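>>> could you work out the structure for the sequence below:
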Amino acid sequence: ANNVSPSSNIAWHRVVCPVTFSLFPFFRFPMVVSNLFLWYDEGQDLFSERKKSAVSVSKCFEKRRKNRNKNGGRNMKNTKVYVDFITEKLKKLLSIDSPTGYTKDAIAWLKAEYEAMGYAPVITTKGGLLVQLAKGCEGNGGVLVETHTDTLGGMVAEVKGNGRLRLTALGGMNPNNAETENCVVITRDGKRYEGCFQMNNPSIHVNGSYDQQDRTYDNMEVVLDEMVFSKEETKALGIETGDIVCFETRTRITEKGYIKSRFLDDKLSVAILLGYAKYLKEENITPSRPVYQHITVYEEVGHGGSASVPEGVTDILSVDMGCVGDGLECKEHQVSICVKDSGGPYSYDFTGELIAAAKANGIDYAADVYPHYGSDVEATLRGGADARHALIGAGVYASHGYERSHVDGVKNTLELLAAYLDK
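Next up is the predicted model:
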């Protein structure tokens, strides 16, 4: 309590309150002016940042427009130069053994190739190779292009009593396709031994049941080109269960442009991706989107593309061999666009965009359903990726055997990549 009377309180407020409120705007004026300047500065900073961003995006798109044709794709220059580059790199890559599970040498070579072009590839923990080719324009979702350098092959399952080797398949290596093929056994300590994959008792002049004998891994063996006739003699060479067996590729490119070799699935696509990377660098191309390439190493056993998707990727394109055979339209001279395989349909919209790009740019293509097929991008989606998916590839005849493609199929696949990735 205090000693001030109620009447004096009322009188005080009548005097003070009007004065206080009448002076209040003058007290606030410096603060209001100060805030106005602050808001102006912040607005200018925001405007400047947005202007810089807009200019950056404008420059990005202007740079892209210079190389676009009337159909919205790329005017791909010097196509033959890049196709020649692809075939040369293909021959080298095919000479490096890389059955699934034993791909380190091929990946090391590929890493050096990308680095020589000025890229910064990274070897993933799983053993694949991931490289960013382009940053693209701001705000666009990225595209990941996948292919695989692992191939079919074999593994020693048993050193037999006669000194020969029983194998188990790496991937879908069919013993019917491998019969009488030369091969190399690679031991854990790096030794290499030549041999040949033969049916048990393969001499027609001795084996009266030659035609009736099933070609299975249990009925076939690697005959080593060594003086060994017992299990002990073979093991003394350092050969044991788990050693890798690599089959000869017999690579040949004919005067008519046919490419014949084992393991075009999928080293042909790897070489095409190298060619596309070279094209971007040498032609100073800036794609509209961030572009990545992932060379996987376990596609032949189903989980190659199940990891290593960069942040911001919204589309994933698998480049793998295109199927050629009865009931399908594709030939070795074309790029195949797969609409469905054993894993189901590919993204309808994404596939439609690829077909539209091929039509608009006069690219020779065929759309097909593959009846017995799976790809890296399906493994990527099963691994949890939230993205659209599609599959293209040069036509390859006699898949998983002695395969055949053509330089025109290489050309059409490369041109579709260039047309689509900057549509």
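
>>> contacts, neighbours, all on C-alpha from now
Noted.

>>> report the contact partners of the closest residue to N219 other than its chain neighbours.
Computed as C-alpha to C-alpha, 6 or more residues apart in numbering, the closest residue to N219 that is not its neighbour in sequence is N200, at 5.7 Å. If a contact means C-alpha atoms under 8 Å, 6 or more residues apart in numbering, then N200 has N219, M220, E221 as its contacts.

>>> beyond the worst-scoring helix or strand of the chain on mean pLDDT, next helix or strand please.
One helix or strand of the chain scores below all others by mean pLDDT, DSSP states H and E: helix 6-65, with a mean of 51. Once helix 6-65 ends, the next helix or strand along the chain (criterion: DSSP states H and E) is helix 79-94.

>>> buried residues, that next one. List them.
Neighbour-count burial for helix 79-94, with 16 or more other C-alpha atoms under 10 Å as criterion, is recorded at T79, Y82, V83, F85, I86, T87, K89, L90, K91, L93, L94.

>>> over to stretch 350-361?
F350, T351, L354, I355, A357, A358, N361.

>>> what sits against the second one?
Okay, so that is T351. By C-alpha under 8 Å, 6+ apart, the contact list for T351 reads I337, C338, V339, A390, L391.

>>> 6 Å instead?
A390 (C-alpha atoms under 6 Å, 6 or more residues apart in numbering).

>>> would you check how far apart the residue nearest the centre of the chain and E248 are?
Centroid check for the chain by C-alpha atoms, centre = their mean gives E146 as the closest residue, at 1.4 Å. Distance, E146 to E248, by C-alpha to C-alpha, to the nearest Å: 25 Å.

>>> cool, and G139?
Distance of G139 to E248, computed by C-alpha to C-alpha: 47 Å.

>>> who has more neighbours out of the two?
Neighbour count, other C-alpha atoms under 10 Å: between G139 and E248, E248 has more, with 19 against 11.

>>> give me the element I316 is part of.
Using DSSP H and E, I316 falls within strand 313-319.

>>> list the contacts of that strand.
In contact with strand 313-319 (C-alpha under 6 Å, 6+ apart) are residues 141-147, 377, 387-393.

>>> among the residues you listed, which two are most distant?
G141 and G393 (22.8 Å; C-alpha to C-alpha).

>>> which stretches of the stretch 51-200 of the chain have low pLDDT?
In the predicted model, the stretch 51-200 of the chain carries pLDDT under 70 at residues 51-75.

>>> can you map out the helices along it?
Taking DSSP state H, counting those that start in this stretch as the test, the helices found in the stretch 51-200 of the chain are 79-94, 104-116, 175-178.

>>> send me the longest strand along the chain as CSV with only the CA atoms.
Longest strand of the chain, by residue count under DSSP state E: strand 388-397. C-alpha atoms of strand 388-397 as CSV (Å, rounded to 0.1, in the frame of the first residue of the first chain):
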residue,chain,number,x,y,z
ARG,A,388,12.0,-43.7,-63.1
HIS,A,389,13.8,-46.5,-64.9
ALA,A,390,14.5,-47.5,-68.5
LEU,A,391,16.8,-49.8,-70.5
ILE,A,392,18.5,-49.4,-73.9
GLY,A,393,21.5,-51.1,-75.6
ALA,A,394,23.1,-52.0,-78.9
GLY,A,395,21.6,-55.1,-80.4
VAL,A,396,23.6,-58.3,-79.5
TYR,A,397,23.0,-61.7,-81.2
